[in-house]
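Colleague: Could you work out the structure for the sequence below:
(one chain, ligands or ions: 1)
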Amino acid sequence: MTDQLDDSIAGETFDTGTSVHAGGVYVCSPCGYKKKLEPGDTFPECDSCMKKSGSDEEEEGPAPSGIWEYVGADEEKE
Ligand SMILES: [Zn+2]
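Modeller: Coordinates of the predicted model:
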């Protein structure tokens, strides 16, 4: 039984609106905003990116608001 699912998705990116299948810390590629997500969640739109793109959307097209890259398991412990 291989248990390397977490490693296999390291560095992979996920679009907003897709389901989280591996809990952990994700970073928004465009801006670097980090967020901890749990399995079953949906990748949210990045707050930071949403603030950026609001007035001049026609200027820059190829910049989707939020692409989450998996960076690792939970770093913070509560
Ligand atoms: Zn962002």
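
Colleague: the strands in this protein, which residues?
Modeller: For the chain, applying DSSP state E gives strands covering 13-15, 24-28, 34-37, 67-72.

Colleague: from the ones you listed, which stretch is densest packed?
Modeller: Among the strands of the chain, strand 24-28 has the highest mean neighbour count (mean count of other CB atoms under 10 Å), at a mean of 21. Where C-beta positions appear, they are placed from N, C-alpha and C, glycine not excepted.

Colleague: Whether that strand contacts the ion - can you check?
Modeller: Yes - if you take CB under 5 Å from the ion as the test, strand 24-28 does meet the ion, through Cys28.

Colleague: If you compare the directions of that strand and strand 67-72, what angle comes out?
Modeller: Angle of strand 24-28 versus strand 67-72, following axes from the mean of the first three to the mean of the last three CA atoms, to 10 degrees, is 140 degrees.

Colleague: Now do strand 24-28: which elements does it pack against?
Modeller: When contacts are defined as 3 or more CB pairs under 8 Å, 6 or more residues apart in numbering; DSSP states H and E, strand 24-28 sits against strand 34-37, strand 67-72.

Colleague: Can you pull out the low-pLDDT segments for the chain?
Modeller: 1-7, 52-66, 75-78 (pLDDT under 70).

Colleague: what about 90?
Modeller: 1-12, 29-30, 46-66, 72-78 (pLDDT under 90).

Colleague: if we can go back for a sec, could I get the strands of the chain as TSV with distance to Pro44?
Modeller: Converted to TSV, the strands of the chain look like this (distance: least, CB to CB, whole Å):
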stretch	distance to Pro44
strand 13-15	11
strand 24-28	10
strand 34-37	7
strand 67-72	9
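
Colleague: close to the ion, is the lengthiest helix in the chain?
Modeller: Longest helix in the chain by number of residues (criterion: DSSP state H): helix 47-52. Yes - contact of helix 47-52 with the ion (CB under 5 Å from the ion) involves 48-49.
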